[in-house]
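*Asks:* Let's see this in three dimensions:
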Amino acid sequence: MKRKLVLENGLEFIGDGFGSMNERIAELVYNTSVVGYQEALSDPSNLEYIMVMGYPVIGSYGLTDEDYESNNLTVSGLLVREYSKYPSNFRYTHELAEKMDENNVPGISGVDTREIVRIINEFGSMRAMICDVDKPLDECLKQIKAYSVPKDIVAEISTKKVWYSRTLNYKYTIACIDLDLKKSLIKDLKDLGCNVVVVPYNATMDTIMKYKPNGILISDGPSNPYDVKDIVDTIKTLKGKMPILGIGLGQEVIELAYGAKLYKQHVGHNGANIPVRNLKTNRIEITSQNDQYAVDTESLKKTELTATHQNVIDGIITGVEDLKNNVIAIQYNPNPSDSDYVFKRFVSLLGGKR
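*Replies:* Down below sits the predicted model:
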């Protein structure tokens, strides 16, 4: 069945529909990963995005139950050059299109994804619609123009009650503020001997302290950081009381809590191969990122935070710290080969078990 992508600037791309056949409007971003499409499509940070995959063949190894970053697919739509209908992987449990249909995620294959990526790079992130091929363009543009990104995404997806993830012979307890927590984040902490207490995004300092944590972790998640004022205010009160680690949106929240200013990037970072320079060691790390906002460098200089990492390509600050108050933040996801030291350093700051 033929379907089309309509960009807010009026351009149309026609291809073959797969997955769900519903209609969706969302912000259009691209992902540069060669592998890991399951992790990207289930990453909570990609909620409310239509994603263009830069790698030409998607679906070739299916989906595996153990590899989701959240319980289901989170993207609003998917665009690929070629969709592989017949997975070859002894671990796979579902075909991609099957899960997309179950999760109401529409997809289009057979479009020129390279051209779409170039358009995003030139004109910046924009809104787009996936719909039936015969829908009139003027009607599509009217609906796209009327669409706005929801401001209460984190409020809807964050846990509504406290829950626990425990490990044997734990050393520390981490209170994780859920802005939309990835499963791999909990696993990384448990591997380092930490019990995790997950609390809602708007948990107060008193609520968090009730669980006697050794440290605070602020998870990554979707949303404009200016829309999560509750957690910004909470971090202001928690600063200096115990070590704090922010990941992704968690870094942006910390920067706001310190008084820095943020801006939306022309084109955000979405992919698993983005080079970052560690400003302390001058070492280049290859990172996985999903972000649309960045800190204003001049405003950062007026805070107690110091830059620790910087994107090699565009110079955007991707890591900060406050040594005095044991606050660490990175705007990317630590990976085992390059940057697992971030978690290890955080855990080293926690002190004795409470």
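*Asks:* and the one helix or strand Ile328 maps to, how far from the chain's centre?
*Replies:* Ile328 belongs to strand 327-330 when assigned by DSSP states H and E. Relative to the centre of its chain, strand 327-330 is centred 16 Å away, using C-alpha atoms, centre = their mean, to the nearest Å.
*Asks:* which secondary structure elements does it contact?
*Replies:* Applying 3 or more C-beta pairs under 8 Å, 6 or more residues apart in numbering; DSSP states H and E, we find strand 327-330 packed against strand 244-247, helix 249-257, strand 306-311, strand 317-322, helix 341-348. No exception for glycine: its C-beta is placed from N, CA and C like everyone else's.
*Asks:* Quick check: chain neighbours aside, which residue is closest to Thr222?
*Replies:* No, residue 222 isn't Thr; it's Pro. Of all residues not flanking Pro222 in the chain, Leu47 sits nearest, at 4.2 Å (C-beta to C-beta, 6 or more residues apart in numbering).
*Asks:* ok, now Val199?
*Replies:* Val162 (5.4 Å).
*Asks:* Please look at the one you found and Val197 and confirm they touch.
*Replies:* Yes - the criterion here is C-beta atoms under 8 Å, and Val162 meets it with Val197 at 6.4 Å.
*Asks:* isn't Ala40 right next to Met51, touching?
*Replies:* Yes - the pair Ala40 / Met51 is scored as a contact, 6.9 Å apart, by C-beta under 8 Å.
*Asks:* got any residues that touch both of the two?
*Replies:* The overlap between the contact sets of Ala40 and Met51 (C-beta atoms under 8 Å, 6 or more residues apart in numbering) consists of Asn31, Val75, Asn270.
*Asks:* could you dump those residues to JSON lines with neighbour count?
*Replies:* Listed next are these as JSON lines, based on neighbours: other C-beta atoms under 10 Å:
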{"residue": "Asn31", "neighbour count": "25"}
{"residue": "Val75", "neighbour count": "24"}
{"residue": "Asn270", "neighbour count": "26"}
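*Asks:* With distance to Tyr92 and secondary structure added, can I get those in JSON lines?
*Replies:* As requested, those are exported to JSON lines (distance: C-beta to C-beta, whole Å; DSSP: H, G, I helix; E, B strand; the rest coil):
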{"residue": "Asn31", "distance to Tyr92": "20", "secondary structure": "strand"}
{"residue": "Val75", "distance to Tyr92": "19", "secondary structure": "coil"}
{"residue": "Asn270", "distance to Tyr92": "24", "secondary structure": "strand"}
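*Asks:* Turn those into TSV, including distance to Lys280 and pLDDT.
*Replies:* Formatted as TSV, those follow (distance: C-beta to C-beta, whole Å; pLDDT from 0 to 100):
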residue	distance to Lys280	pLDDT
Asn31	29	92
Val75	35	95
Asn270	26	85
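*Asks:* Reformat those residues into TSV and put distance to Ser348 next to each item.
*Replies:* Below are the shared contacts of Ala40 and Met51 laid out as TSV (distance: C-beta to C-beta, whole Å):
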residue	distance to Ser348
Asn31	33
Val75	36
Asn270	31
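*Asks:* so which of these comes closest to Ile108?
*Replies:* Among the shared contacts of Ala40 and Met51, Val75 lies closest to Ile108 (C-beta to C-beta), at 12.8 Å.
*Asks:* related to what we said a few turns ago, neighbouring strands of the strand holding Ile328 in the sheet, and parallel or not?
*Replies:* Sheet pairing here is set by DSSP bridges, and for strand 327-330 it gives strand 244-247 (parallel), strand 317-322 (antiparallel).
*Asks:* Other residues contacting the first one?
*Replies:* In this case it means strand 244-247. Contacts for strand 244-247 (C-beta under 8 Å, 6+ apart): 185, 215-220, 235, 238, 252-254, 325-330, 332-334, 342-343, 346.
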